[in-house]
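Engineer: below is the sequence, then the predicted model.
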Amino acid sequence: MLKFRFLSLVFMLMCILSCTEEDPEVILVTTEEVLFASGDEIRLLGRVISNQELSLVDHGFYVSEDASFSNPAIISLGEKDGPGRFIGQLTGLKVGSPYFAKAFMDRGAEIEFGNVLELSTLEPAILDFSPKFGAVGEEILIEGRNFGADTRVFFGGQEAQVIENTLQSRLRVRVPIPEGNRTVPIRVIVQDREVSLSESFEYQIGTYEKIGEFPEAIRVYDNVFFQDGPNRFLIGLGSERRLVFLPGFQRYDLSSSTWQEVAFPGASRSFAFSTDHYIGGGLSQLGSNPFVYEGSFWGYENGAFTQLPDLPFLSRDAIAFELGEDLYVLGKNPDTTKFFFRFDKSEMRWELLPTPEQEFTRNDAVFTYQGNAYFIDSLDGTIWRYNPNSGAWDAIGTYPGSLGNGRGMARVIGDKAFIGLFERSDQVFELDLNSFSWKSKNPMPGLPQSVIVGHFVSGGSLYIMRVPDITLAGQFPMDFYRFDPEGI
């Protein structure tokens, strides 16, 4: 309103003067408006009004925190020829603070000022951020307003790197190392102002600790593995680089962190099936064409192997699981005919079950939960649930990660399944078996081009061993890791 009154007076004065016989000199400067204001920056519009040509030594604006302009910041725009509008910009102001501004012009003899405008810089605010879940080193975007030049971002108490500040409204930030909490608030600090949202950022977690190596300096492929109670893990059979059979097992004792060789009384083999209580099938010769199948079947209980009646089928790459005391095996006969058998331990007999439409082998991953078996199809990631009571097979979801070349891991801890580490992939995902929602975990260290040798569960941790893909030349140790899914 003051601006319009001032301009009206100027207009009336010019009209009066224009009615006189001689036009007197009219030169004045006005502060017209605030074009832009943010948290720490303003742009102002001024105007020099004159009825004749003129040259200014300097022109611009004075900006001050007080109306008396006792210690102003000066926007000097330099020399100017002739009347007209001009724009000045000032940065580095205090956020959310009142200011006073006035235009000036310097004609050489003295400095003349225009009218005074009152203004205020703006407060910063966060509107949103995405993604809400991520890993250390990944980037997130924070949307908001009035993010000044010196804006800082914190994930809880950890300061993040601000990669880019676009138009004071979008921050591109790199996720810092967590300080010990899975979920943290994101705090944005602009000068002495702090803003945040009620919604927290969630870290991708899961820590890996190398606890040892396979005790022999070899690379094992096409082996079997199983668990003897919570603290003893067995890895064996298969072959060394598909050149020489491994005749027995190495057993890792978790309580003493030691390895011990364990003899296997049966025939050596590769591509066999195994569970915690059974070993069977596979190939009895390396590199043979056609395949030479091994039909013997063994049980394992109380630390001892027991030979059972031979299998009613021949198989290479069959997949097996246990429900209760029963063993289930799916695979293909040498003539590629699919089969699905159940071994009844109490009666020591095999029952042929209806085969599913889908084909399942060792390339797929399987876990059991609450009396059902779950398969992850390595071809398309479909999750299939098998109900042994009804015999039904239902597709209930899709694995979200890389399937690599198959042969992945699937293990259950409580109400969570941990799935991944397919050949040539280092990804692990957590599947909540109540909500059936997925969450990525931190990737496994080491070469992604690796193959599962064994995986086990004890307490709240997984124990995992992988070997580099057989196509990779060189000497590589088979590292043994403890994976804490909740580790930060």
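Structural biologist: Here it is on my side, so go on.

Engineer: now D276: closest residue in space, sequence neighbours ignored.
Structural biologist: F226 (4.7 Å; CB to CB, 6 or more residues apart in numbering). Quick note: C-beta positions are derived from backbone N, CA and C, even for glycine.

Engineer: mind listing what that neighbour touches?
Structural biologist: Listed by CB atoms under 8 Å, 6 or more residues apart in numbering, the contact partners of F226 are 234, 274-277, 279, 300.

Engineer: how about the residues you listed in a markdown table, adding distance to P265 and pLDDT?
Structural biologist: Shown next, in a markdown table, are these (distance: CB to CB, whole Å; pLDDT from 0 to 100):
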| residue | distance to P265 | pLDDT |
| --- | --- | --- |
| L234 | 14 | 98 |
| S274 | 15 | 97 |
| T275 | 18 | 97 |
| D276 | 18 | 97 |
| H277 | 16 | 97 |
| I279 | 11 | 98 |
| Y300 | 11 | 97 |
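
Engineer: thinking again about what came up before, doesn't the residue nearest to D276 lie inside a helix?
Structural biologist: No: secondary structure assignment places F226 outside any helix; it is strand (DSSP: H, G, I helix; E, B strand; the rest coil).

Engineer: what pLDDT does it get?
Structural biologist: If you check F226, the pLDDT there is 98.

Engineer: who wins for most neighbours among the contacts of F226?
Structural biologist: Among the contacts of F226, the one with the most neighbours (other CB atoms under 10 Å) is I279, at 26 neighbours.

Engineer: a helix runs through that one, doesn't it?
Structural biologist: No: assigned with three-state DSSP, I279 falls outside any helix and is strand.

Engineer: wait, A267 touches S296, no?
Structural biologist: Yes: A267 lies in contact with S296 (CB atoms under 8 Å); the separation is 6.0 Å.

Engineer: neighbour count winner among the two?
Structural biologist: S296 (18 against 15).

Engineer: which ones are touching that one?
Structural biologist: 266-267, 280, 307, 310-311.

Engineer: that one and R362, how far apart?
Structural biologist: For S296, the distance to R362 equals 18 Å [CB to CB, to the nearest Å].

Engineer: next up, phi/psi of P178, please.
Structural biologist: phi -70, psi 160 (degrees, to the nearest 10).

Engineer: what bridges to G212?
Structural biologist: Beta-bridge pairing for G212 (DSSP bridges): F480.

Engineer: looking at it, it is touching M478, isn't it?
Structural biologist: No: using CB under 8 Å, G212 is not in contact with M478, being 9.6 Å away.

Engineer: bridge partners for R172, pull those for me.
Structural biologist: L141, E164.

Engineer: per-residue confidence for it?
Structural biologist: The model's pLDDT for R172 equals 98.

Engineer: equivalent analysis for G474, please.
Structural biologist: On pLDDT, G474 comes in at 83.

Engineer: show me the contacts for it.
Structural biologist: Applying CB under 8 Å, 6+ apart to G474 gives the contacts P468.

Engineer: let's number from 43 now, not from 1
Structural biologist: Understood, numbering begins at 43; the last thing we discussed is G516.

Engineer: look at F155 and tell me its secondary structure.
Structural biologist: The three-state assignment at F155 reads strand, by three-state DSSP.

Engineer: wait, it touches Y104, no?
Structural biologist: Yes: taking CB under 8 Å as the definition, F155 is a contact partner of Y104 at 7.2 Å.

Engineer: domains for the chain, by residue range?
Structural biologist: In terms of domains, the chain is parsed into 44-162, 167-245, 249-526 (source: automatic domain parsing).

Engineer: how long is stretch 259-278 from one end to the other?
Structural biologist: Taking CA to CA, to the nearest Å as the measure, stretch 259-278 stretches 14 Å from start to finish.

Engineer: ok, now stretch 469-479?
Structural biologist: For stretch 469-479, the end-to-end distance is 16 Å (CA to CA).

Engineer: which of the residues in that stretch are buried?
Structural biologist: Of all the residues in stretch 469-479, those buried under the rule 16 or more other CB atoms under 10 Å are 469-470, 472-473, 475.

Engineer: so how many other residues sit close to the residue nearest to L475 when sequence neighbours are not counted?
Structural biologist: Closest residue to L475 apart from its sequence neighbours, by CB to CB, 6+ apart: D457 at 4.9 Å. Counted with other CB under 10 Å, the neighbours of D457 add up to 12.

Engineer: which element is the closest residue to Y320 other than its chain neighbours on?
Structural biologist: Nearest non-adjacent residue to Y320, counting by CB to CB, 6+ apart: L369, 5.2 Å away. For L369, the host element (DSSP states H and E) is strand 368-374.

Engineer: and that strand, which strands flank it?
Structural biologist: According to DSSP bridges, strand 368-374 has the following sheet partners: strand 361-365 (antiparallel), strand 380-386 (antiparallel).

Engineer: quick check: next helix or strand after the longest one?
Structural biologist: By that I understand strand 380-386. For strand 380-386, the following helix or strand on the C-terminal side (DSSP H and E) is strand 391-394.

Engineer: average pLDDT for the helix or strand that comes right after that next one, rounded please.
Structural biologist: Note on strand 391-394: by DSSP H and E, the next helix or strand toward the C-terminus is strand 407-411. For strand 407-411, mean pLDDT is 98.

Engineer: which elements pack onto strand 407-411?
Structural biologist: Counting contacts by 3 or more CB pairs under 8 Å, 6 or more residues apart in numbering; DSSP states H and E, strand 407-411 is packed against strand 361-365, strand 414-418, strand 451-455, strand 458-462.

Engineer: count the neighbours of V76 for me.
Structural biologist: 16.

Engineer: OK, contacts around it?
Structural biologist: Per CB under 8 Å, 6+ apart, neighbours of V76: 84-87, 143, 159, 161.

Engineer: in what helix or strand does it lie?
Structural biologist: strand 69-79.

Engineer: name every strand pairing with that strand and say which way it goes.
Structural biologist: Per DSSP bridges, strand 69-79 is paired in its sheet with strand 83-92 (antiparallel).

Engineer: and the next helix or strand past the partner strand?
Structural biologist: strand 97-98.

Engineer: relative to that following strand, what are the paired strands and their orientations?
Structural biologist: Applying DSSP bridges to the sheet, strand 97-98 is found paired with strand 122-123 (antiparallel).
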